[in-house]
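> Sequence first, then the predicted structure:
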Amino acid sequence: MLTSAGAPASKALQSHRTIAPSPSLPIFKRPLSNPPCSGYRPIANGGKKKTQPQRASESEKPKVKRQAPVAEDSDNEAEGSIDIDKLLADQGAVQQLRQSLISSMSSQHEVATSAQSGPADRDEEVAGGRAAASASNDRRDRGASQTKASDGDSRGSKRSSEPRGGGGGSERSSRGSRDSRARSGRGQAGEGSRRGGRDYAAPSGEGGGAPRKIKGSVPTPVQTGGEPAGSRLEGPTAYLQPGKARLFTDGSPMVFSGAIERLVLPPGNEETPVAGDAVVLADTHGNLIGWGVYNPVSMFRVRVMQTAAEMEAEVRSCFLDVPALLRKRVQQAAQLRRQLGLPSPQTNVYRLINGEGDRLSGVVADVLGDTVVVQSVAAWTQRYRRDIEAAITAATGLKQIVWRPQADILKEEGVQLPEAVQQAPEGGTPAASGSADEAGADASTSSRVVVAEHGVKFYASPMGQKTGYYADQRDSRVYLAPLCKDKTVLDLCCYSGGFAVHAGLSGASQVLGVDSSASALQMAEQNAELNGVSGRVKFQQGDITRYMKQALEEGQQYDVVVLDPPKLAPNRASMERATIKYQRLNEQAMRLIKPGGLLMTCSCSGAMTQSGTFMQVLVGAARAAGRHLSILRDAGASPDHPLHPAYPEGKYLTNVTVVVH
């Protein structure tokens, strides 16, 4: 139960129960900063029986006067006092008090942890792990091009960035029997189920499990600051640690497990929230911050869906109603793309949903002509799959939807996919999901589609790498194409030939694309034939480092070189090694460019892009190559990849065009 900002925390939480979401969070007999009241009792043991922590014997405790507990917001004075000077002067008493407190807290923690665990899984632990922030970071893990940069990287492993949240680090948590049900994710409710502010049956997941009931409610008007409004919000509530609220009132969409102080359940709710359940988010004093989807085993404990400010501006019926908010967010995303002129007769391949940038953390959706490919990287998206598909169909009119769950990332979310899905390319579904109202369509109907990018046609594979097409470089390909007229062009890590084909259509005299992946080059050759430029656009399979070394030995040079390697810095810990690789690759590329020629060089490593050091890498490469640079353009992903201003980790792509003197 929450009141507005001015209400005392003790009144705001009357008759609630407090639980610890995992042993990584403290176990309390009562919420912090509040006096004990009859409505509180610990439910770490599932609410079956009140368990008293072990207490130190009276002989172990120092003889001090006890002070009545006072709430943090209370103006009442204590009824007793402690002679602090006398206590501190008695070192023996201080030591006894310290030992007594440690013993009491340890016993309470052990009792609560034991009670939370069932007989079969009491000793089971799950590493919080480091899951990917979201596929909006667009990892280009191109499995078809797996060579490392030092050995000739091709575009095999792309697009990722560092996660962020209010807590920090990974954590280990013991789960009770209820929490363990979230590991398999939850399936979709039947057509007649009711959600949001009404009772609904949360369906069982891919791993089975019985449905259970969750109660939420649409709130009456809430005042988040100033005098109490007398209104309240019902729902499981995650309270943030002191000092963490600012990060999320500013809009950060990820709440790490370490940022949560405690979880409070409303009266009548006996079960701990499982993966995908909606929870209220509040600061340590009970002031509303927003609400999001909960995951008891993920490092990302809460993904914020709607802030308090958005609740004031948006339809209140979305409160704690995930399907309703999904419909609203997807409609907003589709409207933004229409404002950007997408789709159009010239371009029908674009990003429809970009994770945190479209305020739907954990889901990415790309439109490939008449097909939508959805990447799922969060447990809540697996649970609400049908709702996501239905929202996409309603917003776009497109019914052919391919669902691509990322198995490795979902494991960190507590979701264990079936073996067949884990063995599919990129961890995606081995078959297209079909339309929202016709699931299970044959994958062969969508194994290959033809898309248009600024009038240029390309083959794309919805069951290929990631979503099957990299629309993030769309505008960069169009920018570079006219600069290639009557020029010789080298496209390194060419993948399916995007830059090469655009250059050929713009009048390049000769184009060569190099990649280590045979399957990628096969599609590249077909794309050249599709656009009638196969005569002057050629492709060669090989390691790009070896190719550049051989070309330099033979004295070859080009007017324009494109270098778009895979992700070399998957995290900040790998930055030092990645910096060396990036500099070495760019040094070789610069040596291959004629004086006055152009280099378009890229980094899809989020850690590198966010560090802001990529330009320094280019300066170092130029110095080593004995060349000088002039910057023409410094860009990122195309505009249909919006970023969340409070989530800089969503920025992963750097694209720099320079003149090499």
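Arrived safely. Numbering: from 1, shown residues only.
> Tell me where the stretch 251-400 of the chain has strands.
Assigned by DSSP state E, counting those that start in this stretch, the strands in the stretch 251-400 of the chain fall at 254-256, 260-265, 278-282, 288-294, 300-307, 349-354, 363-368, 371-376, 400-405.
> so which of these gets nearest Ser476?
Closest of the strands of the stretch 251-400 of the chain to Ser476 is strand 349-354, at 14.4 Å (criterion: Cβ to Cβ). To be clear about C-beta, it is placed using only N, CA and C from the backbone, and glycine gets the same treatment.
> Out of the strands of the stretch 251-400 of the chain, point me to the one whose mean pLDDT is lowest.
Of all the strands of the stretch 251-400 of the chain, strand 260-265 carries the lowest average pLDDT, namely a mean of 89.
> which residues are contacting stretch 574-594?
Judged by Cβ atoms under 8 Å, 6 or more residues apart in numbering, the contacts made with stretch 574-594 from elsewhere in the structure are 148-150, 153, 490, 492, 544-545, 548-549, 551-552, 556-561, 563, 565, 568-569, 599, 601, 603, 605, 607-608, 611, 613-614, 617-618, 620-622, 624-625, 627, 660.
> Touching the helix or strand encompassing Gly620 from outside, list them.
Taking DSSP states H and E as the definition, one finds Gly620 inside helix 614-625. Contacts made with helix 614-625 from outside it, assessed by Cβ under 8 Å, 6+ apart, are listed as 579, 582-584, 586-588, 590-591, 601, 603, 608, 628-629, 631, 634, 654, 656, 658, 660.
> Can you say which of those residues are buried?
In these, burial by neighbour count holds for 579, 582-584, 586-588, 590-591, 601, 603, 608, 629, 654, 656, 658, 660, counting by 16 or more other Cβ atoms under 10 Å.
> Out of these, which sit inside helices?
Residues from those lying in helices, with DSSP state H as the criterion: 579, 582-584, 586-588, 590-591, 608.
> ok, the residues you listed vs Thr393, which is closest?
Each of those was scored against Thr393 by Cβ to Cβ, and Met608 proved nearest at 37.3 Å.
> Find the nearest non-adjacent residue to the closest one, please.
Beyond its immediate neighbours in the sequence, the residue positioned closest to Met608 (Cβ to Cβ, 6 or more residues apart in numbering) is Ala569, lying 4.8 Å away.
> Look at the one you found and say how many residues are nearby.
Other residues near Ala569 come to 26 when the count uses other Cβ atoms under 10 Å.
> And for Gln332, the neighbour number?
Counted with other Cβ under 10 Å, residues neighbouring Gln332 total 14.
> who touches it in this structure?
Contacts of Gln332 were listed using Cβ under 8 Å, 6+ apart, and they are Asp358.
> that older thread, for the helix holding Gly620, buried residues please.
Buried residues in helix 614-625 (16+ other Cβ under 10 Å): 614, 617-618, 620-622, 625.
> Averaged pLDDT, that helix. What do you get?
Computed over helix 614-625, the average pLDDT equals 96.
> do the same with stretch 336-344
Averaged over stretch 336-344, pLDDT sits at 97.
> Also stretch 447-465?
Here stretch 447-465 scores 91 as its mean pLDDT.
> tell me which residues in it are buried?
Using 16+ other Cβ under 10 Å as the test for burial, stretch 447-465 gives 448-449, 451-453, 456, 458-465.
> Which residue, other than its chain neighbours, is closest to Pro242?
In this structure, Pro242 finds its nearest non-sequential neighbour in Thr284, 4.8 Å apart by Cβ to Cβ, 6+ apart.
> In this model Gln241 seems to touch the one you found, though I could be wrong.
Yes: between Thr284 and Gln241 there is a contact at 6.7 Å, judged by Cβ atoms under 8 Å.
> Common neighbours of the two, please.
Taking Cβ under 8 Å, 6+ apart as the contact rule, the neighbours common to Thr284 and Gln241 are Glu261.
> Show the pLDDT at Pro566.
88.
> circling back: taking the buried residues of stretch 447-465, tell me the two that lie furthest apart.
Val456 and Met463 (22.4 Å).
> now the stretch 201-350 of the chain, which segments are flagged as low pLDDT?
Counting by pLDDT under 70, the stretch 201-350 of the chain contains low-confidence ranges at 201-234, 314-316.
> what about 80?
Counting by pLDDT under 80, the ranges of the stretch 201-350 of the chain that qualify are 201-234, 267-270, 312-317.
> Let me see the ranges of the helices in it.
With DSSP state H, counting those that start in this stretch as the criterion, the stretch 201-350 of the chain has helices at 245-249, 308-313, 322-339.
> re earlier: now, which of the ones in helices among the buried ones among the contacts of helix 614-625 sits nearest Gln382?
For Gln382, the closest of those turns out to be Met608, at 30.6 Å, with distances computed as Cβ to Cβ.
> just checking, Thr393 touches Lys399?
Yes: using Cβ under 8 Å, Thr393 and Lys399 qualify as a contacting pair, with a distance of 5.5 Å.
> contacting residues for Asn527?
457-459, 496-498, 501.
> Which members of those occur in strands, if any?
For those, the ones inside strands are 457-459, with DSSP state E as the criterion.
> From those residues, pick the one nearest Ala407.
Proximity of the ones in strands among the contacts of Asn527 to Ala407 (Cβ to Cβ) peaks at Tyr459, which lies at 25.7 Å.
> From Pro345, how far out is the closest one?
From Tyr459 across to Pro345, the span is 19 Å (Cβ to Cβ, to the nearest Å).
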